[in-house]
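Novice: What follows is a predicted structure for the sequence shown.
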Amino acid sequence: MNKKKMKIAVVGLGYVGFPLAVEFAKQGIPVVGIEIDHGRLQHIKRRESYITDITTRELRNVLKKNTFSATSDFSVLKECNTVLVCVPTPLKGKYLPDISYIKDSFNSIAKNIEKGTLVILESTTYPGTTEEVILPIFERQNLKHGKDFYLCFSPERIDPGNKDFPVSKIPKVVGGLNAEATRRAVSLYKIIIDTVVPVSSPRAAETVKLLENTFRLINIGLIDELAMMAHKMKIDIWEVIKAASTKPFGFMPFYPGPGVGGHCIPKDPLYLYWKAKSFGFNSRFIRLASDIIDYMPEYVIARIDEELLKRGISLKGANVLVVGATYKKDVEDLRKSPSLDIIRGLKKKGAKVFYFDPLIPYLNINQINLESISLKKDKLRKFDCVVIATDHSNIDYKYLLSASNLIFDTRNVYKNTDNDKLVRL
């Protein structure tokens, strides 16, 4: 991979594609982003970043150097020799993968690429997608692998908002359809990433990503179940986790919460679950862990109801403040956020629901329109319960505790705090 002759196209400028595109552009390599979302293109046109991991200054630097541009036109691929695909892979309903974005993207790519182009899929998908779905798309255009193009899969490992592990510090797994495709992909990623790990095939690389997130899903589901069990047994699960974490081997701490959000854990393992079923294998662990995690917002609401009743207050008609709307600390991302499920569930029970989030000024969920309120002490005292759903670092939680009548803490924000106002998950 000769840097002087390279021009890279990144299809999909979301939480994965945008940082990747900017990282290559920083190295002086011309990068064109292909994005069908008009809003994102307008942000780039205004020279404004729209995701946490790329600052507006970083974007403006690569735009000024003319190493990055963006368009919705796939014909620019005729000028590129490398294509990275980072498009969404959602679910249809609960358990059925939706790879329509992948199919649509590759149908356009196959009609526009030049001979010898390296094409890499980064979108999380089920094992076999690269060989069983993408390869035939190229072959229908009479393109031969190893001659007209080189195809690989390399799973994204972006952790939005994690400043300790930027793109360059996260090892990259690569699996090509043949050894030459893998070699080219390894050479490409080594330009921006410290460690690149080749594996034997796209199928192996696809499964690597699913293993990583299935590991997390199952352990989160386990600790959520143990948290519910510990509550019944009047045991502080947070104390237990802290003590167990002192063991220097054979234990890794996971923590309970109100559910799991984001673009990976809630749906990636279900891609593996679905594919396994086509081989006649039923993954009970994945299904059970997913169901437990999905139940957590409902469990949180049941616990709030229980605590209010102890104080002689009915949830129906109660004033409840949900603190934190995003799925993750300090990240402006609402995808599959359990906070939204808690808000919907509380409204369904008849509670008067308000929310505060320093990153999200307003919400529109299932015809529920809310604006983030201020956290003034006189306002806080009117609430029957305050639910800590996300632990943003710039919220004064000590102030919240002093101003509120009841705090239900799903994130263990109030570590080692003993207060009769405070109830932990």
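Specialist: Perfect, I can see it now. Numbering: from 1, shown residues only.
Novice: got a pLDDT number for residue 238?
Specialist: Residue 238 carries a pLDDT value of 96.
Novice: what's the domain layout of the chain?
Specialist: Listed by automatic domain parsing, the domain ranges of the chain are 3-200, 216-424.
Novice: what about the shortest one, distance to the chain center?
Specialist: It stands for domain 3-200. Once both centres are worked out by CA atoms, centre = their mean, to the nearest Å, domain 3-200 turns out to sit 17 Å from its chain's centre.
Novice: need the longest helix for this protein.
Specialist: The longest helix of the chain (DSSP state H) is helix 202-232.
Novice: For that helix, buried residues please.
Specialist: By 16 or more other CB atoms under 10 Å, the buried positions in helix 202-232 come out as 202-203, 205-210, 212-214, 216-218, 220-228, 230-231. To be clear about C-beta, it is placed using only N, CA and C from the backbone, and glycine gets the same treatment.
Novice: where along the stretch 151-300 of the chain do the strands fall?
Specialist: Counting by DSSP state E, counting those that start in this stretch, the segments of the stretch 151-300 of the chain that form strands are 172-176, 196-198.
Novice: my guess is residue 32 meets residue 9, correct?
Specialist: Yes: with contact defined as CB atoms under 8 Å, residue 32 and residue 9 form a contacting pair (5.2 Å).
Novice: Turn the strands of the stretch 151-300 of the chain into TSV, including mean pLDDT.
Specialist: Putting the strands of the stretch 151-300 of the chain into TSV (pLDDT from 0 to 100) gives the following:
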stretch	mean pLDDT
strand 172-176	98
strand 196-198	98
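Novice: Show me what the longest helix of the chain is packed against.
Specialist: With contacts taken as 3 or more CB pairs under 8 Å, 6 or more residues apart in numbering; DSSP states H and E, helix 202-232 sits against strand 149-153, strand 172-176, helix 237-244, helix 268-278, helix 284-310.
Novice: quick one: low-confidence parts of the stretch 151-300 of the chain?
Specialist: Within the stretch 151-300 of the chain, no stretch falls below the threshold (pLDDT under 70).
Novice: ok, and the closest non-adjacent residue to residue 171?
Specialist: With CB to CB, 6 or more residues apart in numbering as the criterion, residue 171 has its nearest non-adjacent residue at 4.0 Å, and that residue is residue 195.
Novice: now, of the strands of the stretch 151-300 of the chain, which is deepest in the fold?
Specialist: When these are scored by mean count of other CB atoms under 10 Å, the highest mean neighbour count falls to strand 172-176 (a mean of 25).
Novice: just checking, what packs against that strand?
Specialist: With contacts defined as 3+ CB pairs under 8 Å, 6+ apart, the secondary structure elements packing on strand 172-176 are strand 149-153, helix 179-189, strand 196-198, helix 202-232.
Novice: quick one: strands adjacent to that strand?
Specialist: Within its sheet, strand 172-176 is paired with strand 149-153 (antiparallel), strand 196-198 (parallel), according to DSSP bridges.
Novice: Indicate which one of the ones you listed is closest to residue 235.
Specialist: Of all these, it is strand 196-198 that lies closest to residue 235, at 40.9 Å by CB to CB.
Novice: Number of residues surrounding residue 309?
Specialist: Applying other CB atoms under 10 Å, we find 11 other residues in the vicinity of residue 309.
Novice: ugh, wrong one, I meant residue 247
Specialist: 10.
Novice: And it, how far from residue 255?
Specialist: Distance of residue 247 to residue 255, given as CB to CB, to the nearest Å: 16 Å.
Novice: any chance of the strands of the stretch 151-300 of the chain in JSON lines, plus distance to residue 71?
Specialist: As requested, these are arranged in JSON lines below (distance: least, CB to CB, whole Å):
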{"stretch": "strand 172-176", "distance to residue 71": "26"}
{"stretch": "strand 196-198", "distance to residue 71": "29"}
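Novice: out of those, which comes closest to residue 270?
Specialist: It is, among the strands of the stretch 151-300 of the chain and with distance given as CB to CB, strand 172-176, at 20.6 Å.
Novice: Dump the closest one to PDB, restricted to CA.
Specialist: What follows is strand 172-176 as a C-alpha-only set of coordinates in PDB (Å, rounded to 0.1, in the frame of the first residue of the first chain):
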ATOM      1  CA  LYS A 172      -7.300  -4.300  14.500                       C
ATOM      2  CA  VAL A 173      -8.400  -7.800  13.400                       C
ATOM      3  CA  VAL A 174      -8.400  -8.500   9.700                       C
ATOM      4  CA  GLY A 175      -9.500 -11.500   7.700                       C
ATOM      5  CA  GLY A 176      -9.300 -11.600   3.800                       C
END
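Novice: Can you pull out the residues in contact with that strand?
Specialist: Contacts of strand 172-176 with the rest of the structure, by CB atoms under 8 Å, 6 or more residues apart in numbering, involve 120, 150-155, 157, 182-186, 189, 193, 195-206, 208-209.
Novice: how far off helix 202-232 does it point, in degrees?
Specialist: Here strand 172-176 runs at an angle of 140 degrees relative to helix 202-232 (axes from the mean of the first three to the mean of the last three CA atoms, to 10 degrees).
Novice: Kindly reformat the strands paired with strand 172-176 as TSV and extend each row with distance to residue 338.
Specialist: Written out in TSV, the entries for these read as follows (distance: least, CB to CB, whole Å):
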stretch	distance to residue 338
strand 149-153	30
strand 196-198	33
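Novice: For residue 24, find the nearest of those strands.
Specialist: Each of the strands paired with strand 172-176 has some distance to residue 24 by CB to CB; the shortest is strand 196-198, at 14.2 Å.
Novice: What number of residues are in the vicinity of the closest residue to residue 5 other than its chain neighbours?
Specialist: Taking CB to CB, 6+ apart, and ignoring the residues beside it in sequence, residue 5 has residue 81 as its nearest neighbour in space, at 7.2 Å. With neighbours defined by other CB under 10 Å, the count for residue 81 comes to 19.
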